[in-house]
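S.K.: Sequence and predicted structure, then a few things I'm wondering about:
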Amino acid sequence: MDGVPATVTWGLLAAWAAHDAEELATMARWTRENRPELERRYPRVPWRRLEMSQRHVNVAIGLMGGVVAGASALGARTGGRSPVFQAVLAGFGLHGVGHLAQSAVARGYTPGVVTAPVVVIPFTVWAWRRLKASGVPTAGGESALAGLAALPLVLGGVHALAHALTRPVPAAGNPSSGR
């Protein structure tokens, strides 16, 4: 069997970068501009807490880039056999499907929906096929379950850390200035 080409393992990082470039360019503005309508339609969701500054978006995307780069490196080192690489690959594909669902719920554009069906989902399907064609044992459904379970934890962790890193720091002697 052929080896797994770098386009599969490092391709995950490249596909993620293309996808997240869209999110980087649109997420902060979109959440700010669309919050009033989303609050009207879905009043039980804490939209104010979900609004992100551009600085927060930049940091969160950078942190997620570290996660994806690490997974890609593990995939390259193990010829695609790394369970972490496979779980992140599965999570990336599921993330693409989530973008389509978000846009359906929002009834329009949401950040990431343009690249989800043309980059995220096709790359993920192609990469799994290439792994299988190369004879790489895949956990199959187990990878998808691991990716599904890890995705909200990783996304939540990245955004919580980005929030901690970007929240205003109180000025010396004025504990309320950071609120």
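M.R.: Looks like it came in fine. Small disclaimer: the values here were computed from a predicted structure and weren't measured.
S.K.: can you list the weak-confidence ranges in this protein?
M.R.: 1-2, 140-141, 143-144, 147, 171-179 (pLDDT under 70).
S.K.: mind listing the helices for it?
M.R.: Remark: helices assigned in the chain by DSSP state H are 6-41, 47-50, 54-77, 83-106, 115, 121-133, 141-166.
S.K.: could the ones you listed go into CSV alongside mean neighbour count?
M.R.: In this view, the C-beta of every residue, glycine as well, is placed from N, C-alpha and C. Below are these laid out as CSV (neighbours: other CB atoms under 10 Å):
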stretch, mean neighbour count
helix 6-41, 17
helix 47-50, 11
helix 54-77, 18
helix 83-106, 20
helix 115, 21
helix 121-133, 18
helix 141-166, 15
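S.K.: Just read off the phi/psi values of M52.
M.R.: Main-chain torsions, M52, degrees, to the nearest 10: phi -120, psi 140.
S.K.: Distance of W16 relative to A149?
M.R.: W16 sits 19 Å away from A149, going by CB to CB, to the nearest Å.
S.K.: so what's the residue nearest to L38 when sequence neighbours are not counted up against?
M.R.: If the residues on either side of it in the chain are set aside, L38 comes closest to W47, at 5.2 Å by CB to CB, 6 or more residues apart in numbering. Going by CB atoms under 8 Å, 6 or more residues apart in numbering, W47 touches R35, L38, E39.
S.K.: Out of those residues, the closest to A164 would be?
M.R.: R35 (21.9 Å; CB to CB).
S.K.: Wait, the closest one touches E51, no?
M.R.: Yes: in this structure, R35 is within contact of E51 by CB atoms under 8 Å, at 5.5 Å.
S.K.: about what we covered before: got the contacts of W47 as a markdown table, with distance to V97 columns?
M.R.: What follows is the contacts of W47, written out as a markdown table (distance: CB to CB, whole Å):
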| residue | distance to V97 |
| --- | --- |
| R35 | 24 |
| L38 | 20 |
| E39 | 25 |
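S.K.: and of these, the nearest to S103?
M.R.: Lowest distance from S103 to the contacts of W47 (CB to CB) belongs to L38, with 12.5 Å.
S.K.: Could you measure from that closest one over to A146?
M.R.: Distance, L38 to A146, by CB to CB: 31 Å.
S.K.: Could you do W128 as well?
M.R.: W128 sits 14 Å away from A146, going by CB to CB.
S.K.: Ok, G108 next?
M.R.: Counting by CB to CB, the gap from G108 to A146 is 32 Å.
S.K.: before we move on, what about H19?
M.R.: In this view, H19 and A146 are 20 Å apart by CB to CB.
S.K.: How about R129?
M.R.: Distance of R129 to A146, computed by CB to CB: 19 Å.
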